[in-house]
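Asks: Take this sequence and fold it.
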Amino acid sequence: MSAEELMAQVPSPAPSKWLDDARYAELVALRDGVASLPPSTDAALRHEAEAFLYHHARLVDSHDLLGWLAGFAREAVYWIPSDRAGDPRRSVQVVFDDRRRLEDRIARMLSGVAWSETPPPPVSHAITNVEAWDHDGGRRIVATVVVSVVKSSGRHTFTGRLDDVHVEEDGAWRIRNRRIDLVDSDRHIVTAPLF
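Replies: Residues are numbered from 1 along each chain as shown. Sure, this is the predicted structure:
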């Protein structure tokens, strides 16, 4: 049996109705435009953004994964690129999840059968260099993030730039897009933690 014949037998999930070419183009444009963002000058917006990021990180650090998931919008995208110029439609990514896949990931982590997450490993997030801007009726936040995870294989550190777009949904800020550009995304990466 050829690879094509084998793949034809693999069931495919229904495509997302909102993760279309326009959304992919938006994600790539946001990534490509991050270096040209102006200085962040709104101190109140930056303070609000910091509070959101710190709280969201604390949820993961304390293993409140459902609380962490609640911080994402219904049409969220969570993306960790494998390279700085790739298009998630055309290349393999470290992680590229829509909201449905995030829910699957959290359900698996909480199931007790995910051996790499049972018991949940100690994890610690550090966030710095937070900048924030108004963005299309929402807000855009860029920050530096360092995550340390201790597993049986040793201590693993992940460093990168977090780039979020937040929207108001159900009376609260929610993450519409989250991209983490790891500084070493082109190297072997053990299971990436939640950011």
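Asks: and the nearest residue to Asp97 once chain neighbours are set aside, how many residues sit next to it?
Replies: Closest residue in space to Asp97, ignoring its immediate chain neighbours: Tyr78 at 4.6 Å, by C-beta to C-beta, 6 or more residues apart in numbering. Backbone N, C-alpha and C define where each C-beta goes, glycine included. If you count neighbours by other C-beta atoms under 10 Å, Tyr78 ends up with 20.
Asks: Check the gap between Tyr78 and Thr41 for me.
Replies: 28 Å (C-beta to C-beta, to the nearest Å).
Asks: And for His55?
Replies: 23 Å.
Asks: same question, Ala35
Replies: Going from Ala35 to Thr41 by C-beta to C-beta gives 18 Å.
Asks: Does the residue nearest to Asp97 touch Gln93 like I think?
Replies: No: counting by C-beta atoms under 8 Å, Tyr78 does not reach Gln93; the two are 10.4 Å apart.
Asks: confidence score at the residue nearest to Asp97?
Replies: The model reports Tyr78 with a pLDDT of 95.
Asks: From Arg108, how far off is Asp164?
Replies: For Asp164, the distance to Arg108 equals 24 Å [C-beta to C-beta].
Asks: More neighbours: those two, which one.
Replies: Neighbour count, other C-beta under 10 Å: between Asp164 and Arg108, Asp164 has more, with 26 against 12.
Asks: which residue packs closest to that one, ignoring adjacent ones?
Replies: Spatial nearest neighbour of Asp164, excluding adjacent residues (C-beta to C-beta, 6+ apart): Ile141 at 4.4 Å.
Asks: okay but that neighbour is in contact with Tyr54, surely?
Replies: No: using C-beta under 8 Å, Ile141 makes no contact with Tyr54, being 11.6 Å away.
Asks: Compare neighbour counts for those two and give me the winner.
Replies: Neighbour count, other C-beta under 10 Å: between Ile141 and Tyr54, Ile141 has more, with 27 against 12.
Asks: Check which helix or strand that one maps to.
Replies: With elements taken from DSSP states H and E, the one containing Ile141 is strand 138-151.
Asks: give me phi/psi at Ala49?
Replies: The phi and psi torsions at Ala49 (degrees, to the nearest 10) take the values phi -60, psi -40.
Asks: which ones are touching it?
Replies: Ala49 is in contact with 130-132, 139, 141, 143, 166, counting by C-beta atoms under 8 Å, 6 or more residues apart in numbering.
Asks: Check it and give its pLDDT.
Replies: In this prediction, Ala49 carries a pLDDT score of 97.
Asks: what's the closest non-adjacent residue to it?
Replies: In this structure, Ala49 finds its nearest non-sequential neighbour in Ala132, 3.8 Å apart by C-beta to C-beta, 6+ apart.
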